[in-house]
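Enquirer: Let's see this in three dimensions:
(chains A, B, C, D, E, F, G, H, I and J)
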There are 10 protein chains.
Amino acid sequence: MKEYNENHAKSGVSIKLPAIEVFPNQYPGYTIRIEIPEYTAVCPKTGLPDFGTIILEYEPIKSVLELKSLKSYILAYRNVGIFYENAVNRMMRDFVTAAKPKWCKVTGQFATRGGMHSTIIAQHGKAPK
Amino acid sequence: MKEYNENHAKSGVSIKLPAIEVFPNQYPGYTIRIEIPEYTAVCPKTGLPDFGTIILEYEPIKSVLELKSLKSYILAYRNVGIFYENAVNRMMRDFVTAAKPKWCKVTGQFATRGGMHSTIIAQHGKAPK
Amino acid sequence: MKEYNENHAKSGVSIKLPAIEVFPNQYPGYTIRIEIPEYTAVCPKTGLPDFGTIILEYEPIKSVLELKSLKSYILAYRNVGIFYENAVNRMMRDFVTAAKPKWCKVTGQFATRGGMHSTIIAQHGKAPK
Amino acid sequence: MKEYNENHAKSGVSIKLPAIEVFPNQYPGYTIRIEIPEYTAVCPKTGLPDFGTIILEYEPIKSVLELKSLKSYILAYRNVGIFYENAVNRMMRDFVTAAKPKWCKVTGQFATRGGMHSTIIAQHGKAPK
Amino acid sequence: MKEYNENHAKSGVSIKLPAIEVFPNQYPGYTIRIEIPEYTAVCPKTGLPDFGTIILEYEPIKSVLELKSLKSYILAYRNVGIFYENAVNRMMRDFVTAAKPKWCKVTGQFATRGGMHSTIIAQHGKAPK
Amino acid sequence: MKEYNENHAKSGVSIKLPAIEVFPNQYPGYTIRIEIPEYTAVCPKTGLPDFGTIILEYEPIKSVLELKSLKSYILAYRNVGIFYENAVNRMMRDFVTAAKPKWCKVTGQFATRGGMHSTIIAQHGKAPK
Amino acid sequence: MKEYNENHAKSGVSIKLPAIEVFPNQYPGYTIRIEIPEYTAVCPKTGLPDFGTIILEYEPIKSVLELKSLKSYILAYRNVGIFYENAVNRMMRDFVTAAKPKWCKVTGQFATRGGMHSTIIAQHGKAPK
Amino acid sequence: MKEYNENHAKSGVSIKLPAIEVFPNQYPGYTIRIEIPEYTAVCPKTGLPDFGTIILEYEPIKSVLELKSLKSYILAYRNVGIFYENAVNRMMRDFVTAAKPKWCKVTGQFATRGGMHSTIIAQHGKAPK
Amino acid sequence: MKEYNENHAKSGVSIKLPAIEVFPNQYPGYTIRIEIPEYTAVCPKTGLPDFGTIILEYEPIKSVLELKSLKSYILAYRNVGIFYENAVNRMMRDFVTAAKPKWCKVTGQFATRGGMHSTIIAQHGKAPK
Amino acid sequence: MKEYNENHAKSGVSIKLPAIEVFPNQYPGYTIRIEIPEYTAVCPKTGLPDFGTIILEYEPIKSVLELKSLKSYILAYRNVGIFYENAVNRMMRDFVTAAKPKWCKVTGQFATRGGMHSTIIAQHGKAPK
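Expert: Next comes the predicted model:
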């Protein structure tokens, strides 16, 4: 856990991003999946933009992520310098903090760079198969 | 469970919808899957229409959902103001009440709004993988 | 089980259909899958034709379903009045009676009616995942 | 096992086919999958050619199937009279005899005949899901 | 393990390839998937080029593979004579040595040769299903 | 033209089929395209059913084909013995007689028989490219 | 032209729909294509909803259709009773009235009804091929 | 024209193939398209089998190619040694001789060999675009 | 032409964008097509980002557009407020100014907004069909 | 034409490549299309490999390109430094020199670089539409 803190600065955790609002959930035990094909941020190394699709899946307990504020949150990455891996993990942390879901899975599928196509999958709790 | 009742009004449970008829099942132990790509309702926030595909899967015990009344039931959402999440969960409740199936799964795949594409999956009992 | 008998007449079990021939199986422990996209029957309610694809999967023990007689069997539904659910379950019963397989799964995917697309899946014994 | 022998003649086991060569495996614990879309043989009943795709999957232990001799082996079916089911099972037997793999799975997907599309899947040992 | 050493020469293990760099991982418990559709090497038997797509999946613990050096590593195969099976297993070994991941899976999908299409899948540790 | 008459009997022109109704067209100069994937008839040679998709395209002048009667017309082929070529040409003749369109094109795409997939295209007047 | 007037009432021309706004075009000689997959109206015969995709293509001269008012215009069909053919032709008329384009093409692709899938294509002026 | 004759022997024209039967055409001015995905022959150079799809399109005048004899004709190539280019041109010649159509187009799409995928298109008379 | 000047300010022509470099063309009479799926700009009305794919096609005479500077040019739109129609026409103008091609065609396919999907096609000179 | 010569050195015309063999054509007036998905060369600027698919279409007069030597010719680009545009135009020149066809079209579709996907199309003589 120590190593985690040491790398804080580089992990993207300290980047300022808008809060994601929630509203009270009405029904127990179901799954929400949101596909957001319009993610873009800036590669901190090259200064060039990255593009990707973010897929968020979770099971709400008391709170559901409000879609408009979720959109604002994703838009806020537009001019931020952050690596693929950190963006997906940072999102995961922020979604979990906001909605406190039973489980949560965030998948980032990023546009080809240098002939290589990356997908990052972070999971909190245990998603059903 | 208390929170559930408190939010009743907003959960869409109190919206009037036509009953779904059933007919006696003839064979034990099989699965029915119905894909309905023509769901539409009104977003209670924006007043704009939502569009989506509803996929209903269940294992009948004594009763099978009658397709014509199922269609009328889905059509009844056309001018109703209801959120995605609530529509799928309300349908689940109404299908289970009508058919009392061994298990039931309702998936709603909704058209892109604000560059985001939502899927809601509600399940009653345990569907086979 | 009583209800089952009472509905016999309506279940499609009493409809006359040609026998399906088998030939002796030569090898143990394998799976056969047959996709038949040219199923058609008549809806008993509307008198209009239904169309669909039947997918038969099974593991033979001593007998293999002979394809030519299987074709004749499926063709015999052409001018028969029978519901989706009953057709798939009736086929299942007849396939099992003819081939006595280790397990058998019959899937019927039917053409859209009234904007709704039905799939019926019946299973006998336990198919491997 | 007795029944197996009695049907020997008809099972295709006695058909002469070229041996499949192997070479020593260099790495433990991996999977090989070979898709061969150019299988053709003759239907023993109608004398007409069958066409299909053979998919071979296995985990090598000491030996790997040599691809050139595998190709010659498949080509040798071209003017042979053999049923779908028997061809797939015969291949399975011959692959297992040659490579002695941990597990082996052979899938034959055959071109539509009489509006019916057959797939035969034979397995030796236990393939991972 | 002995057999492994004996075949060392032919296994491709002794081929000189550039080191793959890593950087410290910032987040625990997630998956990285990299698809590289531009693999090419030379068949040691025919001298003709092979083409393929390499898919690398792994769960980082302390280290993440640096993409630029990963690209250089893959490019280094361009004029090397190595068989499909060995290339995939050699990559696996080098990825594991560099990143020491919790688990790692390397899939190579190679272009059709002689009407046959090969896929090689090597795995280290236990990937989630 | 003589040969045409001599073959009348075999051409399918004398088969009794229901009339297709029309209603008055309201707008000049546009195109109607109707795709009917549920055509079936009987092969006069083998007695086996044919299946196909009929695509009707035309530019109405004074009359538009009424869809319900068009459906009844297509359904009427179900137990009729008629060859592919004749069915498409007969339809063309009947559509033109009923709607007197500026131009009309009928395409029949028929299910594979004996490993061969036929398409028949008949045209009356000059369709725009 | 007389017949046209006589059928006015039934042609859908008299239905009240919101005006479509335009803004001044900035560049000469280019094409605009707008695909609107969320059209729905009510069938005047059955009272059941129709669904479809409207594709509008045109070359602006002085005016460009404003997208927000275009959306409101399409939404206004939601509870209107109008046939396919008339809806497409009415739209054409309204688009041409609003934007006075060099040419204009409106295509309506409607969801399957009774196993038949209709496309209506209306054109004003001459679209480039 | 002289060169043509000199190469007769190598052009495949002298290979013995079964005659294709025709039957009298019933309707003027339409198009027939037949797709035959099960062509196979032997490469005269390597002795290895070629595979391909043959697409025949023509406008009949007095005669229509009889499908069963067309199938026998295509099957006859199975053990014949002939190059791609010659097979397609030979077919063209034989189809034209048999049916004397207004125009005729033969397309052969052949399976990948040595990483190259060939299509041969021969045409007699002028096919409509 | 006057109207054009009057709207200059709003047309996007005055927005500052980097120059596109060219290099001397080596061969006469060929076509270059460049697909750029990573266009993004800001909607001047809503302040929200637009996303799209730009397809540039042209026939070079003396100059070829240099790809790296083309990329920089497209990237420069990222934080610019400009409408779809103007962006495509502005690009056209800038490409033509830089390369002076025989003809040039610019297509912009933009992500769905409000359930509507826009494509803008601008052309300079006459592209071959 | 002068400019053409001046740029000779940079145009790739002086690169040494193996000759392409031909054999005498047997039939007049047909089209040959060859798709070669395994092109690779080196970018002269970055030193990194390019990948692409080359599509060659032509109408032979007296000579047909021999496939094996065509393959060797394409393989020869593997370690050559040449730009996209020049490679396609150089191929065109070499194909035309070797086969002297009625017309010839060469299309190169190259893998994405920097988020941009290029296609180069060169044509000699007039290909039919």
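Enquirer: What is the three-state secondary structure of A:Cys73?
Expert: No Cys there; residue A:73 is Tyr. helix (DSSP: H, G, I helix; E, B strand; the rest coil).
Enquirer: So which bits of chain A are right by chain I?
Expert: Counting by Cβ under 8 Å from any Cβ of the partner chain, chain A comes close to chain I at A:37-38, A:40, A:48-49, A:51, A:75, A:78-79, A:111. Placement of C-beta: from N, CA and C, glycine included.
Enquirer: can you list those in TSV and add distance to J:Ile20?
Expert: Formatted as TSV, those follow (distance: Cβ to Cβ, whole Å):
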residue	distance to J:Ile20
A:Pro37	45
A:Glu38	47
A:Thr40	46
A:Leu48	40
A:Pro49	43
A:Phe51	41
A:Leu75	54
A:Arg78	51
A:Asn79	52
A:Ala111	38
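Enquirer: if I pick A:Ala122, what's in contact with it?
Expert: A:Ala122 makes contact with A:88-89, A:91-92, A:105-106, E:27, E:29-31, according to Cβ atoms under 8 Å, 6 or more residues apart in numbering or on different chains.
Enquirer: Most neighbours among those, please name it.
Expert: A:Val88 (29 neighbours; other Cβ atoms under 10 Å in any protein chain shown).
Enquirer: Phi and psi next, for that residue.
Expert: The phi/psi pair for A:Val88 (degrees, to the nearest 10) reads phi -60, psi -40.
Enquirer: A:Ala99 too?
Expert: phi -100, psi -10.
Enquirer: The strand ranked longest in chain A and chain J in contact?
Expert: Secondary structure of chain A read by DSSP state E shows that its longest strand is strand A:30-42. No - on the criterion Cβ under 8 Å from any Cβ, strand A:30-42 is out of touch with chain J, staying 11.3 Å away.
Enquirer: Now do that strand against strand I:30-42, angle only.
Expert: With axes from the mean of the first three to the mean of the last three Cα atoms, to 10 degrees defining the directions, strand A:30-42 sits at 110 degrees from strand I:30-42.
Enquirer: touching chain E at all, strand A:30-42?
Expert: No - if you take Cβ under 8 Å from any Cβ as the test, strand A:30-42 misses chain E, and the best it gets is 15.6 Å.
Enquirer: Tell me which residue lies nearest the centroid of chain A.
Expert: The residue lying closest to the centre of chain A (Cα atoms, centre = their mean) is A:Met91, at 2.5 Å.
Enquirer: Let me know the pLDDT of the closest residue to chain J within chain A.
Expert: Relative to chain J, the nearest point of chain A is A:Thr112 (5.3 Å; Cβ to the nearest Cβ). Note on A:Thr112: pLDDT of 90.
Enquirer: How many neighbouring residues does it have?
Expert: 20.
Enquirer: Ends of stretch A:56-76, what's the gap?
Expert: Criterion Cα to Cα, to the nearest Å; first-to-last residue distance in stretch A:56-76 is 17 Å.
Enquirer: er, stretch A:93-110 actually
Expert: Termini of stretch A:93-110 sit 19 Å apart (Cα to Cα).
Enquirer: does any bit of that stretch sit next to chain J?
Expert: No - using Cβ under 8 Å from any Cβ, stretch A:93-110 stays clear of chain J, with a minimum separation of 11.3 Å.
Enquirer: Tell me where chain A has strands.
Expert: Remark: strands assigned in chain A by DSSP E are A:22-24, A:30-42, A:49-58, A:63-65, A:104-110, A:117-124.
Enquirer: Go through stretch A:97-105 and flag the buried ones.
Expert: Within stretch A:97-105, the residues that qualify as buried are A:98-99, A:101-105, counting by 16 or more other Cβ atoms under 10 Å in any protein chain shown.
Enquirer: Quick check: A:Pro49 vs E:Met92, distance?
Expert: To E:Met92, A:Pro49 is 33 Å away according to Cβ to Cβ, to the nearest Å.
Enquirer: One more: A:Pro101?
Expert: Relative to E:Met92, A:Pro101 is positioned 35 Å away (Cβ to Cβ).
Enquirer: Also A:Ile36?
Expert: Distance of A:Ile36 to E:Met92, given as Cβ to Cβ: 33 Å.
Enquirer: quick one: low-confidence parts of chain A?
Expert: Low-confidence segments of chain A, defined by pLDDT under 70: A:1-10.
Enquirer: now with 50?
Expert: Along chain A, segments meeting pLDDT under 50 span A:1-9.
Enquirer: which one is whatever residue of it ends up closest to chain H nearest to, not counting chain neighbours?
Expert: Taking Cβ to the nearest Cβ, chain H has its nearest neighbour within chain A at A:Gly115, 19.2 Å off. With Cβ to Cβ, 6 or more residues apart in numbering or on different chains as the criterion, A:Gly115 has its nearest non-adjacent residue at 4.4 Å, and that residue is E:Glu38.
Enquirer: Any of the residues of chain A next to chain I buried? List them.
Expert: The neighbour count (16+ other Cβ under 10 Å) marks A:37-38, A:40, A:49, A:51, A:75, A:78, A:111 as buried among those.
Enquirer: For burial, what's the neighbour tally of the closest residue to A:Ser72 other than its chain neighbours?
Expert: Take A:Ser72 and drop its neighbours on the chain: the residue closest to it by Cβ to Cβ, 6+ apart is A:Pro18, 5.4 Å away. A:Pro18 has 12 neighbouring residues, counting by other Cβ under 10 Å.
Enquirer: The one 10 residues further on too?
Expert: By other Cβ under 10 Å, 15 other residues sit near A:Pro28.
Enquirer: Can you give me the end-to-end span of stretch A:118-129?
Expert: End-to-end for stretch A:118-129, by Cα to Cα: 22 Å.
Enquirer: quick one: buried residues of that stretch?
Expert: For stretch A:118-129, burial by neighbour count (16+ other Cβ under 10 Å) applies to A:118-124.
Enquirer: Just give the nearest non-adjacent residue to the residue in chain A positioned nearest to chain G, would you?
Expert: Closest to chain G within chain A is A:Pro37: 16.1 Å, counting by Cβ to the nearest Cβ. Take A:Pro37 and drop its neighbours on the chain: the residue closest to it by Cβ to Cβ, 6+ apart is A:Thr53, 4.4 Å away.
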